[in-house]
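>>> Here is my input; please provide its structure:
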Amino acid sequence: VQLVESGGGSVQVGGSLRLSCKASGFGHVNFCLGWFRQAPGKEREGVATVDQDENTDYADSVKGRFNISKDNDKNTLYLQMDSLKPEDSAMYYCATNFVPCHTGTVPDKKWGQGTQVTVS
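Got it, this is the predicted structure:
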């Protein structure tokens with residue numbers, strides 16, 4: 001599965017962004033999808049996940065502000081980010097098919113280019 005992230009940018013504190021993750025052929029293998037982020041000097045961390053039953057998990061730092069969703073027809077995963085804070089600034093990545101399916105899991109994989117989010 002090839003994944004291409006987009007939608008990042010520079011926003012002011014309190015602003016919103018919607019990230020997209022376009023995948024080739026993930027509609028049939030979508031038992032777990034997730035967003036991750038990595039800030040300079042920090043380890044990559046899980047942000048949000050969604051499984052095949054639409055169960056979601058969010059990092060405590062983003063609960064109530066971020067929403068993960070998917071459109072299987074468009075083979076696209078989304079991350080709606082509202083009330084953005086400076087600490088949300090990071091490179092954001094998506095990943096598929098990892099277990100266990102929650103934000104505590106950071107897959108050992110070759111990551112894509114990601115999309116940069118900067119909040120100031």
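>>> any weak-confidence spans in the chain?
25-30 (pLDDT under 70).
>>> and with 80 instead?
1, 25-30 (pLDDT under 80).
>>> Can you tell me the centre-most residue of it?
The centroid of the chain falls nearest to Trp35 when counting by Cα atoms, centre = their mean (2.1 Å).
>>> partner residues bridging the nearest residue to Gly114 once chain neighbours are set aside?
Sequence neighbours aside, Met91 is the residue nearest to Gly114 in space, at 4.1 Å (criterion: Cβ to Cβ, 6 or more residues apart in numbering). From N, CA and C alone the C-beta is placed, and that goes for glycine too. When bridges are called by DSSP bridges, Met91 pairs up with Gln38, Gln116.
>>> do the same with the one 4 residues further on
Bridge pairing for Ala95 (DSSP bridges) gives the partners Gly34.
>>> from memory it sits against Asp108, does it?
No - using Cβ atoms under 8 Å, Ala95 is not in contact with Asp108, being 10.2 Å away.
>>> the more surrounded of these two?
Ala95 (23 against 6; other Cβ atoms under 10 Å).
>>> quick one, what contacts the more buried one?
Going by Cβ atoms under 8 Å, 6 or more residues apart in numbering, Ala95 touches Leu3, Leu33, Gly34, Phe36, Pro107, Lys109, Trp111.
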